[in-house]
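1. Got a sequence here, can you build the structure:
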Amino acid sequence: MNSFMTRLQSGKGYLISAIIVAGLQTLILGTIIQSRASILSDGAEVLLKTAPVDPRDFLRGDYVVLNYDISSVPVQTISGGIPAEPGERTLWVRLKKQQDGFWVVTESSFNALPPQPETVILRSLPFYGGGLAAGDNIRVEYGIERYYVPEGEGKPIEQARNDGNVAIAVRVSPAGDAQIRSLLVDGKPIYEEPLY
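-> Purely as a prediction, here's the structure:
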C-alpha cells in the first residue's frame, strides 16, 4: 500500500490512473457501439408501416417523429393474462409477415414469448399500465420512434409519412431490441443506417 501511494505521489501513478480510466471509457463506448452494430448486422429484418402523427408535433430539430401500426396493441392479443395491479410493465409482441410484406401483431404477453418459426418477437420499452379492459389497446414504444435526417430534409419525409407512403425497415435482435435499418418512401430506400 505504501509503495502504491509513493508511485501515485511521484506522478507515475497519475499517468497509470489516466491510462486505466481512458481504457475503461473506450471499452464502454465500444460496447455500446458494438451492441447497436450487432443488431443491425445480425438481427431479423421486419418492415413496419408507419401511421400519421399529430401535425402539431411534426419535427423537433432534425428528426422525424414515427408512429407504427404495431404501437397500438389490442388487448385481445395478450396471452398469459393481464396484470391486475397497475405498475411498470414491458410487453413482448410477436410479429408475423403479411402478404403485403408488412409485419403485424399476432400475439403479445407481459411475459417473454417463446420463439416460433416465421415470427419475430419485439420487446417494448417499459411503460406504466393497469386497469385494461377487453376492448382496449395498449400504446407502446419500441425505441424506434425517431429517425434523424440531414438538416432541412424532414418536411418532405413528414408529408410522405402523413400520406401513408413511408415504411421503416427494422432489425430485431434475439432479445427483442430494435434498430432502424432504413427509411423507405414509396417502397424505395432513401436513407440506410451504417453499421458504425
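
2. Give the other helices and strands that the host helix or strand of L24 contacts.
-> Remark: L24 resides in helix 12-42, with elements defined by DSSP states H and E. Using 3 or more C-beta pairs under 8 Å, 6 or more residues apart in numbering; DSSP states H and E, the elements in contact with helix 12-42 are helix 2-10, strand 166-172, strand 178-185. Quick note: C-beta positions are derived from backbone N, CA and C, even for glycine.

3. rank these by pLDDT, which is bottom?
-> Ranked on mean pLDDT, the bottom entry among these is helix 2-10, at a mean of 61.

4. What count of nearby residues applies to V140?
-> Burial of V140 is recorded as 22 neighbouring residues (other C-beta atoms under 10 Å).

5. Excluding covalently adjacent residues, which one is nearest to it?
-> S124 (3.9 Å; C-beta to C-beta, 6 or more residues apart in numbering).

6. One more: E141?
-> Skipping the residues right next to it in sequence, E141 comes nearest to L125 by C-beta to C-beta, 6+ apart, at 4.9 Å.

7. what sits against the residue most central in space within the chain?
-> Nearest to the centroid of the C-alpha atoms of the chain, with distances taken as C-alpha atoms, centre = their mean, sits G143, at 3.2 Å. Contacts for G143 (C-beta atoms under 8 Å, 6 or more residues apart in numbering) come out as 125, 177-178.

8. just the buried members of those?
-> The neighbour-count test (16 or more other C-beta atoms under 10 Å) applied to the contacts of G143 identifies 177-178 as buried.

9. Contact partners for R181?
-> With C-beta under 8 Å, 6+ apart as the criterion, the residues that contact R181 are 40, 45, 169-171, 192-193.

10. For these, give me a markdown table that also has neighbour count and distance to S79.
-> As requested, these are exported to a markdown table (neighbours: other C-beta atoms under 10 Å; distance: C-beta to C-beta, whole Å):
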| residue | neighbour count | distance to S79 |
| --- | --- | --- |
| L40 | 19 | 30 |
| E45 | 13 | 25 |
| A169 | 16 | 27 |
| V170 | 26 | 23 |
| R171 | 23 | 25 |
| E192 | 12 | 35 |
| E193 | 17 | 33 |
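
11. Pipe those residues into TSV and attach distance to E158 per row.
-> What follows is those, written out as TSV (distance: C-beta to C-beta, whole Å):
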residue	distance to E158
L40	24
E45	24
A169	19
V170	19
R171	24
E192	19
E193	19
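
12. Perfect, that will be all.
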